[in-house]
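Asker: below: sequence and its predicted model.
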Amino acid sequence: QRREYMEDEDLSDVTEDMRHTVIDELVAQYMPPRSYAEQWDTQGLYAAIIEQLNIDVPIIEWAKEEGVDDEHIRERLYEATDKQMAEKTEAFGAETMHSIEKQILLQSIDAKWREHLLTLEHLRSVVGFRGYAQRDPLNEYKTESFQLFESMIDSLRSEVTQKLGQVRPMTAEEQEQMMSQMLAQQQAMAEAQKKAAAQILGEGAELPKGVAQAGFDENDPQTWGNPGRNDPCPCGSGKKFKHCHGSF
């Protein structure tokens, strides 16, 4: 199935099925079928929906409406989360959103499968001892490995749904902040490289020759910029500033 996912460009139907199944399981857990409204744990369901789906909906108020049952709650959650994902798709663009869904799904499958294989290795080492307790190790392994596989699928579904719920486009302010941080890091790296080069070459050594700084006029110090004493001279001689125009 992973191969099919790799070949498919649009996995929104797959992630939607996962999301709806997570909703089914949460509603069944906190609002058990054939239970009375007084037995519902709407506070627990509200918290679980925020954690798993990253959406804030008035579940507690919905549950107080006359004639509302678990099916109504389930359908409203489908509608709310489908709308949320449609808005994200519009914000990111369909192609980008499909790429995000695919990446999250494939990465989660790989991680969960590796965990599952390690768990099966541990199970093999454990069930062998059960033969001493008059239990068939092979049957024990088949039963428990199937249960572990089902558990892995549930965990995968939950993880993919949760991660997609947390995905959101950056605001303009966040983008500006990120660009500022990247620029500051680049400047700090450039300064560190300059200092390292100066230390390696040593006092009085010449740096590799280059071209003069744009607008440089050796007769006009105002065109030299503000180089440090150990920085390359803006004239392009390859000498340190203090041993070239900085010594004037």
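Answerer: Here it is on my side, so go on. This structure is a prediction, so every number in the text was calculated from the model and none was measured.
Asker: for G93, phi and psi?
Answerer: Main-chain torsions, G93, degrees, to the nearest 10: phi 100, psi 140.
Asker: and it, how many neighbours?
Answerer: 11 (other C-beta atoms under 10 Å). Backbone N, C-alpha and C define where each C-beta goes, glycine included.
Asker: separation between it and K102?
Answerer: 14 Å (C-beta to C-beta, to the nearest Å).
Asker: and what of L123?
Answerer: Using C-beta to C-beta, we find L123 at a distance of 31 Å from K102.
Asker: ditto for S125
Answerer: Counting by C-beta to C-beta - S125 and K102 are separated by 36 Å.
Asker: got it, and E159?
Answerer: 15 Å.
Asker: pull the longest helix from this protein.
Answerer: helix 94-127 (DSSP state H).
Asker: buried ones in that one?
Answerer: The neighbour-count check on helix 94-127 (16 or more other C-beta atoms under 10 Å) flags 97-98, 100-102, 104-105, 108-109, 112, 116, 119, 123, 127 as buried.
Asker: out of those, who's nearest G238?
Answerer: I100 (48.8 Å; C-beta to C-beta).
Asker: which residue sits closest to that closest one, ignoring its sequence neighbours?
Answerer: V167 (5.9 Å; C-beta to C-beta, 6 or more residues apart in numbering).
Asker: surely that neighbour meets T89?
Answerer: No. If you go by C-beta atoms under 8 Å, V167 and T89 don't touch, sitting 10.5 Å apart.
Asker: now the element after the one helix or strand D17 maps to, going C-ward?
Answerer: According to DSSP states H and E, D17 maps onto helix 12-30. Counting by DSSP H and E, the element after helix 12-30 in chain order, helix or strand, is helix 42-53.
Asker: how far away from the center of its chain is that following helix?
Answerer: The chain centre lies 21 Å from the centre of helix 42-53; the measure is C-alpha atoms, centre = their mean, to the nearest Å.
Asker: buried residues in the helix or strand following it, which are they?
Answerer: Counting by DSSP H and E, the next helix or strand C-terminal to helix 42-53 is helix 59-64. Across helix 59-64, burial judged by 16+ other C-beta under 10 Å covers 59, 63.
Asker: my guess is M6 meets L106, correct?
Answerer: Yes. Applying C-beta under 8 Å, one finds M6 in contact with L106, separated by 6.8 Å.
Asker: next, count neighbours for the nearest residue to M18 once chain neighbours are set aside.
Answerer: Nearest residue to M18, sequence neighbours excluded (C-beta to C-beta, 6+ apart): R157, at 4.5 Å. Applying other C-beta under 10 Å, we find 20 residues neighbouring R157.
Asker: can you pull the contacts of R157?
Answerer: Going by C-beta atoms under 8 Å, 6 or more residues apart in numbering, R157 touches 18, 21-22.
Asker: which of the helices or strands spans it?
Answerer: Assessed by DSSP H and E, R157 sits inside helix 137-166.
Asker: quick one: that helix to helix 94-127, angle?
Answerer: Using axes from the mean of the first three to the mean of the last three C-alpha atoms, to 10 degrees, one finds that helix 137-166 and helix 94-127 are set 150 degrees apart in direction.
Asker: show me what counts as buried in helix 137-166.
Answerer: 137, 140-141, 145, 148, 152, 156-165.
Asker: repeat that for stretch 64-73.
Answerer: Neighbour-count burial for stretch 64-73, counted by 16+ other C-beta under 10 Å, picks out 70, 73.
Asker: what about that stretch, average pLDDT?
Answerer: Taken as a whole, stretch 64-73 has an average pLDDT of 89.
Asker: domain map for this structure?
Answerer: Under the assignment automatic domain parsing, the domains of the chain span 2-166, 201-248.
Asker: which of those domains sits closest to M189?
Answerer: That would be, of the domains of the chain and by C-beta to C-beta, domain 201-248, which comes in at 15.5 Å.
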